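*Asks:* Using only what follows, build the 3D model:
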Amino acid sequence: MFSQVTAAETCNLVPAQLQELYEMFNVLAGGIETLNNDQERLSNESLQIQVTLPTLTEDIFKVKLSIEELNIFLSGVKYNQDILNQELVSIQEKINDLRCVSYNGTLIWKITNFKEKM
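*Replies:* Residues are numbered from 1 along each chain as shown. Predicted structure coming up:
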């Protein structure tokens, strides 16, 4: 009698185990499909990055070159500005010197808005 019960129980367990294995198989198949889709997407993204990388590298090189040229230009502008500032100071000193020039030993004073002050 023991062997009959065992055989009956075994017959009942086999379909349940097969159902469980079938469900696991479906889950694994879905996981494999998801992984394949992810791999394809990542491959496409990688290819797109490989295509755009040289263009971006060239753009970075151009930007660096432009920055260097701009720095050279700005240093030239600063040099010219320094020269112009020195000339401005020199001209201001000459104007101040001319305001206080004396003729024949006489000091000439300039009075601005003389008519209004009178």
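*Asks:* Where does pLDDT dip in the protein?
*Replies:* Residue ranges of the chain with pLDDT under 70: 1-13, 100-108.
*Asks:* Helices of that one, residue ranges please.
*Replies:* Using DSSP state H, the helices found in the chain span residues 2-99, 114-117.
*Asks:* Can you tell me which of those is most buried?
*Replies:* Among the helices of the chain, helix 2-99 has the highest mean neighbour count (mean count of other Cβ atoms under 10 Å), at a mean of 10. Where you see a C-beta, it was placed from the backbone N, CA and C, and this is true even at glycine.
*Asks:* roughly how far out does it sit from the chain middle?
*Replies:* 11 Å (Cα atoms, centre = their mean, to the nearest Å).
*Asks:* what's the answer for stretch 109-118, then?
*Replies:* 62 Å.
*Asks:* How about stretch 84-103?
*Replies:* 50 Å.
*Asks:* Now do Lys94 against Asn113, distance only.
*Replies:* 24 Å (Cβ to Cβ, to the nearest Å).
*Asks:* right, I mislabeled it, should have said Lys62
*Replies:* 59 Å.
*Asks:* With Ala16 instead?
*Replies:* With Cβ to Cβ as the criterion, Ala16 and Asn113 are 114 Å apart.
*Asks:* same thing with Leu98?
*Replies:* The value you get for Leu98 to Asn113, if Cβ to Cβ is used, is 20 Å.
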